[in-house]
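[1] I would like the atomic coordinates for the input below:
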Amino acid sequence: MATQISAQYVKELRQMTGAGMMDCKKALQESDGDVDKAIEALRQKGLASANKKSGRRTAEGLIESYIHAGSKIGVMVELNCETDFVARRIEFQELAKNIAMQIAASPNVEYVSIDNIPTHVIQNEKNIESGKDDLINKPESVKEQIVEGRIKKRLNELSLMNQAFIRNTDITIQDLINEKISLMGENIQIRRFVRFLLGEGIEKINQNFSDEVASMIKS
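    You can find the predicted model right below:
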């Protein structure tokens, strides 16, 4: 029977190695919770290297697009890597397609990562949460904790990297990218994306057919 490993334990190993969550969990289970052995196993498999590659320059890659069924939602995303060789790999192209689909399925996502969220946006969210009626009579220390928790949740909602991957909800988009970095041996970065929603920003006029006919007769 596999050793039971807590989510926090797995998260800590992922932060230490940069390997994917599922790889870290498996390594810990196989090593009976021994962190040093788990790290050694990940290194032997070439999975404990994503963090080391994260600072390397990414000037190649591709721009992927996705149009959702019904043609009412469209996405374009730029995914970067280090070499054109990796950009042409089927695994990299599939990653780009999956990320584009993820963006289409995540209407609340506005930024690549929490680090990309402007300070004024974070401050505005804090002001909104701090002014909510359910916090008025709370002690200040309790109020701060509640606001901090809500802000953290909100920032996670806005960040693409913090989303659960739609094809495997046990991992995040960050985990998915880390796994591909380990697989392909190059730094991979989502540089930017844009989402198009049909009719967004246009005031729609609801007018039934009879009203339209009456309008035409009067004119």
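[2] Check whether residue 193 really touches residue 104, as I assumed.
    No. At 10.0 Å, residue 193 does not count as touching residue 104 under the criterion of CB atoms under 8 Å. For glycine as for every other residue, the C-beta is placed from the backbone atoms N, C-alpha and C.
[3] Can you check which residues contact both of the two?
    residue 75 (CB atoms under 8 Å, 6 or more residues apart in numbering).
[4] Tell me which residues touch residue 88, please.
    Contact criterion CB under 8 Å, 6+ apart gives no residues in contact with residue 88.
[5] go on, residue 67?
    Listed by CB under 8 Å, 6+ apart, the contact partners of residue 67 are 73-75.
[6] cool, residue 62 as well?
    With contacts defined as CB under 8 Å, 6+ apart, the neighbours of residue 62 are 78-79, 87, 92-93, 96.
[7] Can you verify residue 187 is assigned to a helix?
    No. Counting by DSSP: H, G, I helix; E, B strand; the rest coil, residue 187 is located in no helix; its state is coil.
[8] I'd guessed it sits against residue 79; true?
    No. The pair residue 187 and residue 79 does not pass the contact test of CB under 8 Å, sitting 11.5 Å apart.
[9] Between the two, which is the more surrounded one?
    Ranked by neighbour count (other CB atoms under 10 Å), residue 187 and residue 79 place residue 79 first, with 26 against 19.
[10] In three-state terms, label the more buried one for me.
    Assigned with three-state DSSP, residue 79 falls in the strand class.
[11] and the nearest residue to it once chain neighbours are set aside, what element?
    Nearest-residue entry for residue 79: residue 96, 4.5 Å, with adjacent residues in sequence omitted and distances by CB to CB, 6 or more residues apart in numbering. Assignment of secondary structure by DSSP states H and E places residue 96 within helix 90-104.
[12] Let me see the mean pLDDT of that helix.
    In this model, helix 90-104 carries a mean pLDDT of 96.
[13] Packing partners of it?
    Helices and strands in packing contact with helix 90-104 are listed as strand 60-67, strand 73-81, helix 173-184, strand 189-197; criterion 3 or more CB pairs under 8 Å, 6 or more residues apart in numbering; DSSP states H and E.
[14] now for the next helix-or-strand element following it, which elements pack on it?
    Proceeding C-terminally, helix 90-104 gives way to helix 119-130 as the next helix or strand, assigned by DSSP H and E. Secondary structure elements in contact with helix 119-130, counted by 3+ CB pairs under 8 Å, 6+ apart, are helix 140-158.
[15] Okay, now the unreliable bits of this protein?
    Across the chain, the stretches falling below the confidence threshold (pLDDT under 70) are 1-3, 15-16, 18, 44-58, 204-219.
[16] any idea how far residue 87 is from residue 102?
    For residue 87, the distance to residue 102 equals 19 Å [CB to CB, to the nearest Å].
[17] and what of residue 141?
    Taking CB to CB as the measure, residue 141 falls 38 Å from residue 102.
[18] Kindly report the domain assignment for this protein.
    If you go by automatic domain parsing, the domain ranges for the chain are 7-48, 58-116+159-197, 118-153.
[19] Ends of the last one, what's the gap?
    The reference is to domain 118-153. Counting by CA to CA, to the nearest Å, the length from the leading to the trailing residue of domain 118-153 is 16 Å.
[20] Just the buried residues of it, please?
    The neighbour-count criterion (16 or more other CB atoms under 10 Å) identifies 125, 129, 135, 143, 146-147, 150-151 as the buried residues of domain 118-153.
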